[in-house]
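In: whatever this is, show me its structure:
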Amino acid sequence: MSATHLFPERLSLHFHADKWCPCGTAATIRKTSRKIVATVNAGEFEAIETQTFCKPCQQIFGSDELRSLTPQRGKFGFDVIEYIGRSLFVQCRNELEIQAELATRDITISAREIGFLSKRFIVYLALAHQQCQAELRRLPENHIPDCAGFSSVFKERKQAHSRTM
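Out: Next up, the predicted model:
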């Protein structure tokens, strides 16, 4: 059952920044902003983020929880980006198939956005690989480490490649 059937109105979730600055001063509320966010598990929902501000440090704080779900100023969560990357590069699906699959999860996305997010997936994958480079060099050739959770992508790709041989 999809989220639109469970919730007639779009779900709204509140995300709050820390109330205390690392300097020990109580942070004041700076602003509250709203944006539509889409994740694989929750579908599309309204994220209401309350930012705080430290006057002595002149530092602005956003919600760490919201940043763990989606890139800054992004609509689609990291899990949607991973879903698109796996679907394209591991399961060899095209944009229209992925668009239809995501629509069943209450995520509205264009084929063009899927293309853009697939490029972002490659960038994130390259960054994760770069962070694991030293570890990769120390391991035997046939061992695939779990760096940033992407090892399953490599294992699935290797299995799919071996089936086609």
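
In: hey, where'd the strands end up in the chain?
Out: Secondary structure of the chain (DSSP state E): strands located at 12-16, 28-39, 43-54, 59-61.

In: now the first one: how far from the chain's centre is it?
Out: Looking back up the chat, that one is strand 12-16. Chain-centre distance of strand 12-16: 17 Å, with C-alpha atoms, centre = their mean, to the nearest Å.

In: could you do the last one as well?
Out: The chain centroid and the centroid of strand 59-61 are separated by 22 Å, computed with C-alpha atoms, centre = their mean.

In: equivalent analysis for the third one, please.
Out: Distance, stretch centre to chain centre, for strand 43-54: 16 Å (C-alpha atoms, centre = their mean).

In: how about the helices of the protein, start to end?
Out: 3-6, 64-69, 78-89, 95-103, 111-131, 133-138, 151-164 (DSSP state H).

In: lowest average confidence across these, which one?
Out: Sorting the helices of the chain by mean pLDDT places helix 151-164 lowest, at a mean of 49.

In: of the helices of the chain, which approaches His16 most closely?
Out: With C-beta to C-beta as the criterion, His16 lies closest to helix 64-69 of the helices of the chain, at 8.2 Å. (C-beta placed from N, C-alpha, C; glycine too.)

In: would you agree Arg10 is in contact with Phe45?
Out: Yes: counting by C-beta atoms under 8 Å, Phe45 is a contact partner of Arg10 at 6.2 Å.

In: more neighbours, those two?
Out: The neighbour count for Arg10 versus Phe45, taken as other C-beta atoms under 10 Å, is higher for Phe45 (17 against 13).

In: per-residue pLDDT, the closest residue in space to the more buried one that isn't next to it in sequence?
Out: Nearest non-adjacent residue to Phe45, counting by C-beta to C-beta, 6 or more residues apart in numbering: Leu11, 4.2 Å away. On pLDDT, Leu11 comes in at 88.

In: next, work out how far apart Leu11 and Ile29 are.
Out: Noted for Leu11: a distance of 23 Å to Ile29, by C-beta to C-beta, to the nearest Å.
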